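In: Got a sequence here, can you build the structure:
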Amino acid sequence: MKHLRMIGLAAMMAAALTAFVGVASASALAIHPSSTAFTGTGELLETVGTHKYVSSFTTNGGEGPYVKCEESKFTGTTQAGTTAETETTPSYSKCFSNIGGTVVSATVTVPSAWKLNIVSATLPSYSGTVETTGTILIKVPAVACTISVASQKVTATGKNDAGTPPAGTTVNPTTAAAIEVAYTQSGCAGVINGKSKYRGQVHIPTIYVE
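Out: Predicted coordinates:
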C-alpha cells in the first residue's frame, strides 16, 4: 500500500511539473525579431467584378450589406526584448460598399494603433488578441452613412511561414473563422446596430512567432 501511495504521489508531481512546463512554454512565446520595423499587406480575399478585395466588413451578422477594400497595410515596430506583444497601425484604401443598393466608394479611418498579443501556440499556428483603440469610422458619403467601431478586443489567429527561422507570418488567414466586430450605425439603410463579420488575411514578411 505504501508503494502504491508513493507511485500516486510521483504521478501527481509529474502532472504538476508538466502543467508548469506548459505554462512556462506559453509565457515564453515572443514576436521575433525584436526592435524590427515591419509592413504587412492584405492578400487577395475575393474578386467581385473588377474589384479584387483584401478585406471585408459585412454588417448584420455577416448577412450584409458590406464594406470591402482593395488595399490594406499594417505597419509597426516590434518591441525590444522578448515579448508576445506589439502594436500596428492599419490603413485601408480603395474601399467600396453596397449600402444603399449600389456599389459606391467608401472610406475607412483608423485613428490609432492596434495592440496585438500572442496568447497560445501550437506552432506554426498561434492565437491571440487584437485590441483596437479609438473609434474606427467607416463612411459611405454617397448615402450619408457612417458606421462606428468603438474600441474593443477580439480573438485572432495566425500561422508562421515555412523556414528556419520562418520567413514571415500570416495573420487572420482566410481559412480561419471570420472575426465578429461590434458596431453602431447612423443613416445606413438596411443596416442595424450589432455585429459584423470581418475577414482580411495579412502577410508580414520577416516577423514570426516562436
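
In: quick one: low-confidence parts of the chain?
Out: Counting by pLDDT under 70, the chain shows low-confidence ranges at 1-27.

In: so where do the helices sit in it?
Out: Ranges of helices in the chain, per DSSP state H, are 2-27, 59-62.

In: can you pull the buried residues of the last one?
Out: Okay, so that is helix 59-62. Thr59, Asn60 (16 or more other Cβ atoms under 10 Å). Placement of C-beta: from N, CA and C, glycine included.

In: So which residue is dead centre in the chain?
Out: Nearest to the geometric centre of the chain sits Ala156, at 4.5 Å (Cα atoms, centre = their mean).

In: you'd agree that residue is up against Ser125?
Out: No - between Ala156 and Ser125 there is no contact under Cβ atoms under 8 Å: 11.8 Å.

In: which residues touch the residue nearest to the centre of the chain?
Out: Ala156 sits next to Ser127, Gly128, Thr129, Val130, Val171, Asn172, Ala176, Ile179 when contact means Cβ atoms under 8 Å, 6 or more residues apart in numbering.

In: from those residues, which is closest to Gly62?
Out: Gly62 lies nearest to Ile179 out of these, by Cβ to Cβ, at 10.6 Å.

In: Surely that closest one is in contact with Val154?
Out: Yes - the pair Ile179 / Val154 is scored as a contact, 5.2 Å apart, by Cβ under 8 Å.

In: if we can go back for a sec, looking at the contacts of Ala156, which two lie furthest apart in space?
Out: Thr129 and Ala176 (14.0 Å).
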